[in-house]
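> quick check, what structure comes out for this input:
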Amino acid sequence: MAVLFNNAPKVAVIHLGGNDLKVPLKDLLDIMCAEIRYLRDAWPETILIWTDILDLGSWDLQDRRKMRRVNRFGRVEVSSTGKSDYWLPDISADEQGFFRPDGVHLNTLGLHFYLDGLTEFVKRNLLQGM
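Next up, the predicted model:
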């Protein structure tokens, strides 16, 4: 598959959602590894940024363990490729006021908090990468 961009971006953010955890763990890690390597090969000078999957209050212990393994794997895999960083959003299921009543999706305040944090993190990486 060819990359769809003529010019590589300066930064690429890699974000998986909680629904990705429905994929069997070994399959998910294999897919992540292949896709991260593909991005690095396609864009050797791009800063790859991993963002952790948010912890959801509706998850049981097994889901949380899987999320932690996937996040750790993503951080290590992205970091091993060269120009990279990872962002750990400061939002957890324990915090009141960031999620909609379904406990899965961020509400307006949560979205603003998440996007402001990510924006600042990307800007900092762009300044350091210059």
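
> CA atoms for contacts and neighbours, from now on please.
Fine.

> going by neighbour count, list what's buried in the helix or strand hosting Val76.
When elements are assigned from DSSP states H and E, Val76 belongs to helix 61-79. Applying a neighbour-count criterion of 16 or more other C-alpha atoms under 10 Å, the buried positions in helix 61-79 are Asp63, Arg64, Met67, Arg68, Val70, Asn71, Gly74, Arg75, Glu77, Val78, Ser79.

> just the residues you listed now: which is nearest Asp94?
Of all the buried residues of helix 61-79, the one with the least separation from Asp94 (C-alpha to C-alpha) is Arg64, at 13.1 Å.

> what about that closest one, distance to His112?
When C-alpha to C-alpha, to the nearest Å is applied, the distance between Arg64 and His112 equals 24 Å.

> in the chain, which spans are helices?
Assigned helices in the chain, in chain order: 25-42, 61-79, 108-129 (criterion: DSSP state H).

> in the last one, what's buried?
Taking 16+ other C-alpha under 10 Å as the neighbour-count basis, helix 108-129 is seen to contain the buried residues Gly110, Phe113, Tyr114, Leu118, Val122, Asn125.
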